[in-house]
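> please find the sequence and the predicted model below.
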Amino acid sequence: MEETTQKQTNPYLIPAAILIAGAFVAAALYFGGSTPTPVAVGTGNNQPAVAQQPEPTGSTDAVRPVTSEDHIKGNPDAPIKIVEYSDFECPFCKRFHDTMNEVMDKYGDSGEVAWVFRQFPLEQLHPVKAQRAAVATECAAEQGGNDAFWAIADGYFADPSTGNNRTNQDVLIPELAAAAGLDADRFNECLESGKYDEHIQADIANAVETGGRGTPWSVMIGPDGKTYPINGAQPLAAIEQLISIATDNQ
Amino acid sequence: MYRNALQLVFVRPLYCLLFLTVSFVVLSIAILLPHIGLIKTLWQYESVTVIEIGLLVLNLYGSLGTNFTVLSATYTVLIAVLFGLQITLLTHYIRSVRSKATNLANVGASGIGGLVSGFFGIGCAACGTFLLSSILVLFGAGGVLAWLPFGGEEFGLLGVGLLVYANHLLVKKINAPLVCAS
């Protein structure tokens, strides 16, 4: 008679293993998220320079106070401020830019909400071009103030050819600058000067300090100073709900 | 073969419920995990009610349309459905052969591989925020993402493939019960 020598195994071992693996993956996603994405940002004349990495606190309370130096759409004294850290070549930033324009259409005129735009070019994902676009908006602000900044920023995101580092910047940026009424020589000189690299680095550092590890990354500051992290391109309904929460719970 | 196995399993309401529950949980993890920081923050503010948090969470499900590419949204849903199917078929199969020795190593390995690979690719696909970029950056290889033709979404597609394979193996086993040939 042939002896059966097969081992008896626990029949629930495999489903249990799968569920445990799922739990590990979930944990990896959660804890992996606490590591900020290091970014190496090129200078205005395309010389690579490693960004100084701040100690990541991951706390939205580390958001730099909003000042007149910021690029603000809406009432600068609005009770609710949404500080967005954005990358001009990120397609999700493009989507969120549209969402934020809708938010401002609804809450901007009443002065309830202000939109603060800060730079967060991800050099590893969008080399050279994200940084160049960020510099272009800063140069526009230098020459034409807040209106010129938003004209370039809105125009850049609205152009269907932008995103994923495929933008033809040699054509688009001069076009946008001309449309904003900027002096071309001064603008080009500024673009190549590298003078805004430090400012952009400071924005990136603050994004990382507040917990940003990708774009778009935003921090909503409520009327009572409470802060709320907004990760990625959230739908309009979610932003409206968050505004409602911040307004109701001061 | 597939129709027979699926009919055998899904004729029981409990398995339908298991399938829907597991699929929903996996999909929810993929969509909501990037927002766990926001949900935790709201939870800590005592003045924010559970209803307000619940409403926000419901609205956050809309990020499947804004925070994902068409490709990543598609395979995220597929992975959730296939994983729900995998767990349901596996539960049925194990219950039906409870006391018999059987080798499910291939099925288990493919299922786990599919889920892990899928999760590398899924999650919030906003620029640089997904798991893969965090891991690659840890090893100083973040630039690999720019090199990959689909920016890391390959892992999601691989996950779908592995889960399809794991489900295929299970269906075959369900259709070939452990009986001695006469």
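Thanks, I have it.

> now do the lengthiest helix in chain B, average pLDDT.
Secondary structure of chain B per DSSP state H: the longest helix is helix B:70-96. Across helix B:70-96, the average pLDDT comes to 86.

> in chain A, what residue is nearest chain B?
Nearest to chain B, among the residues of chain A, is A:Gly214, at 3.0 Å (Cβ to the nearest Cβ). Using the backbone N, CA and C atoms, a C-beta is placed for each residue, glycine as well.

> now for that residue, how many residues are close by?
28 (other Cβ atoms under 10 Å in any protein chain shown).

> that one contacts A:Leu122, correct?
Yes: assessed by Cβ atoms under 8 Å, A:Gly214 is found in contact with A:Leu122 at 7.3 Å.

> and B:Ser47, which of the three is it?
Following DSSP: H, G, I helix; E, B strand; the rest coil, we place B:Ser47 in the coil state.

> got the contact list for it?
By Cβ atoms under 8 Å, 6 or more residues apart in numbering or on different chains, the contact list for B:Ser47 reads A:Asp248, A:Asn249.

> how about a cut-off of 6 Å?
A:Asn249 (Cβ atoms under 6 Å, 6 or more residues apart in numbering or on different chains).

> helix, strand, or coil at B:Leu64?
B:Leu64 - assigned by three-state DSSP - is helix.

> neighbours around it, how many?
16.

> thought it was touching B:Ala73?
Yes: with contact defined as Cβ atoms under 6 Å, B:Leu64 counts as touching B:Ala73 (5.5 Å).

> mind listing the helices for chain A?
A:13-32, A:91-107, A:129-158, A:169-179, A:184-193, A:197-209, A:236-248.

> closest one to B:Asn4 among those?
Among the helices of chain A, the nearest to B:Asn4 by Cβ to Cβ is helix A:13-32 (22.2 Å).

> tell me the confidence at A:Glu3?
43.

> ok so, going back, for B:Asn4, see how far away the residue of chain A closest to chain B is.
Note on A:Gly214: its distance to B:Asn4, by Cβ to Cβ, to the nearest Å, is 45 Å.

> with B:Tyr15 instead?
For B:Tyr15, the distance to B:Asn4 - Cβ to Cβ - is 15 Å.

> got it, and B:Leu170?
Taken as Cβ to Cβ, the span from B:Leu170 to B:Asn4 is 13 Å.

> try A:Val66
64 Å.

> so which of those two has more stuff around it?
The neighbour comparison of A:Val66 against B:Asn4 (other Cβ under 10 Å) goes to A:Val66, with 17 against 11.

> that one contacts A:Val116, doesn't it?
Yes: counting by Cβ under 6 Å, A:Val66 does reach A:Val116; the two are 5.3 Å apart.

> joint contacts of these two?
With Cβ under 6 Å, 6+ apart as the test, A:Val66 and A:Val116 both reach A:Lys81.

> still on that earlier bit, turn the helices of chain A into JSON lines, including mean pLDDT, mean neighbour count and distance to chain B.
Shown next, in JSON lines, are the helices of chain A (pLDDT from 0 to 100; neighbours: other Cβ atoms under 10 Å in any protein chain shown; distance: least, Cβ to the nearest Cβ, whole Å):
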{"stretch": "helix A:13-32", "mean pLDDT": "54", "mean neighbour count": "16", "distance to chain B": "4"}
{"stretch": "helix A:91-107", "mean pLDDT": "96", "mean neighbour count": "20", "distance to chain B": "4"}
{"stretch": "helix A:129-158", "mean pLDDT": "97", "mean neighbour count": "22", "distance to chain B": "9"}
{"stretch": "helix A:169-179", "mean pLDDT": "96", "mean neighbour count": "17", "distance to chain B": "17"}
{"stretch": "helix A:184-193", "mean pLDDT": "96", "mean neighbour count": "15", "distance to chain B": "23"}
{"stretch": "helix A:197-209", "mean pLDDT": "96", "mean neighbour count": "21", "distance to chain B": "11"}
{"stretch": "helix A:236-248", "mean pLDDT": "95", "mean neighbour count": "19", "distance to chain B": "4"}
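
> now render the ones you listed as JSON lines, adding distance to B:Val9.
Converted to JSON lines, those look like this (distance: least, Cβ to Cβ, whole Å):
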{"stretch": "helix A:13-32", "distance to B:Val9": "14"}
{"stretch": "helix A:91-107", "distance to B:Val9": "39"}
{"stretch": "helix A:129-158", "distance to B:Val9": "48"}
{"stretch": "helix A:169-179", "distance to B:Val9": "55"}
{"stretch": "helix A:184-193", "distance to B:Val9": "63"}
{"stretch": "helix A:197-209", "distance to B:Val9": "48"}
{"stretch": "helix A:236-248", "distance to B:Val9": "37"}
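
> of all the ones you listed, which one is nearest A:Asp77?
helix A:91-107 (13.9 Å).

> which residues of chain B fall in helices?
B:2-10, B:13-32, B:36-44, B:50-60, B:63-66, B:70-96, B:105-121, B:131-138, B:144-147, B:154-175.

> turn those helices into JSON lines, including distance to A:Glu240.
Putting those into JSON lines (distance: least, Cβ to Cβ, whole Å) gives the following:
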{"stretch": "helix B:2-10", "distance to A:Glu240": "39"}
{"stretch": "helix B:13-32", "distance to A:Glu240": "18"}
{"stretch": "helix B:36-44", "distance to A:Glu240": "14"}
{"stretch": "helix B:50-60", "distance to A:Glu240": "8"}
{"stretch": "helix B:63-66", "distance to A:Glu240": "14"}
{"stretch": "helix B:70-96", "distance to A:Glu240": "22"}
{"stretch": "helix B:105-121", "distance to A:Glu240": "30"}
{"stretch": "helix B:131-138", "distance to A:Glu240": "29"}
{"stretch": "helix B:144-147", "distance to A:Glu240": "32"}
{"stretch": "helix B:154-175", "distance to A:Glu240": "30"}
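
> least confident of the ones you listed, on average?
Taking the mean pLDDT of these, helix B:131-138 comes last: a mean of 53.

> if we can go back for a sec, format the helices of chain B as JSON lines; extra columns: distance to chain A.
JSON lines is the format used below for the helices of chain B (distance: least, Cβ to the nearest Cβ, whole Å):
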{"stretch": "helix B:2-10", "distance to chain A": "14"}
{"stretch": "helix B:13-32", "distance to chain A": "6"}
{"stretch": "helix B:36-44", "distance to chain A": "5"}
{"stretch": "helix B:50-60", "distance to chain A": "4"}
{"stretch": "helix B:63-66", "distance to chain A": "5"}
{"stretch": "helix B:70-96", "distance to chain A": "5"}
{"stretch": "helix B:105-121", "distance to chain A": "4"}
{"stretch": "helix B:131-138", "distance to chain A": "4"}
{"stretch": "helix B:144-147", "distance to chain A": "6"}
{"stretch": "helix B:154-175", "distance to chain A": "9"}
